[in-house]
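[1] Pasted the sequence and its predicted model underneath.
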Amino acid sequence: FGSAVATDLRSVVGWTVDNDRNYDYGAIILPEDARYGDQLGWFGYTPRPDDYFSGITLNLSGYPGDGGKTQIEGTQWFHARGIREVFERQISYEIDTFGGQSGGPVFETTSDGSRYGLAIHTWGTSVSNGATRITQDVFDNIIQWAGEAS
């Protein structure tokens, strides 16, 4: 699909000013001639209540900087596991990640095969990894940002 140059970026004050992990998310608005979702399709995204996360399998997709198991840079990897902890604005999980995967979708696949982003991968440690949840205010910001795309 080549590449695109984007100069239209979005984020929130909680992250850009306060550096608060609870608000670590943003968007890159692609130029109109590089809207790859028009060709490939789009993920859904939705806020879910705390109790929804109990017992579901999360999926994470991204491009780990170490190239994953093959160690070939630029390869996309998928991993899936359950939730470790649910917080008001974060979730943690034991899905294997590596630097470079931040910003990737943390999603569920529903029984009808639909995929819905529930969080945005943002951090990792040696014992767990985590994401900023798509809460109602995050959802509303994404909707607003998408509407601002020209």
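    Structure received.
[2] Okay, buried residues for stretch 49-57 please.
    Neighbour-count burial for stretch 49-57 flags residue 53 (criterion: 16 or more other Cβ atoms under 10 Å). All C-beta atoms are positioned from the backbone trio N, CA, C, and that covers glycine.
[3] Do me a favour and average the pLDDT over it.
    Taken as a whole, stretch 49-57 has an average pLDDT of 93.
[4] Equivalent analysis for stretch 81-99, please.
    91.
[5] what separates it from the chain centre, distance-wise?
    Distance of stretch 81-99 from the chain centroid (Cα atoms, centre = their mean, to the nearest Å) equals 12 Å.
[6] ends of that stretch, how far apart?
    End-to-end distance for stretch 81-99: 19 Å, by Cα to Cα, to the nearest Å.
[7] And the helices in the chain?
    For the chain, the helices defined by DSSP state H cover 13-16, 37-40, 136-148.
[8] how about the CA coordinates for the last one, as CSV?
    Backbone C-alpha positions of helix 136-148 (Å, rounded to 0.1, in the frame of the first residue of the first chain) are rendered in CSV as follows:
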residue,chain,number,x,y,z
GLN,A,136,-17.2,6.8,26.5
ASP,A,137,-15.0,10.0,26.4
VAL,A,138,-12.3,8.3,24.3
PHE,A,139,-15.0,7.0,22.0
ASP,A,140,-16.5,10.4,21.6
ASN,A,141,-13.1,12.0,20.8
ILE,A,142,-12.5,9.4,18.1
ILE,A,143,-15.9,10.1,16.6
GLN,A,144,-15.2,13.8,16.7
TRP,A,145,-11.7,13.4,15.1
ALA,A,146,-13.0,11.1,12.4
GLY,A,147,-15.7,13.8,11.6
GLU,A,148,-13.0,16.4,11.3
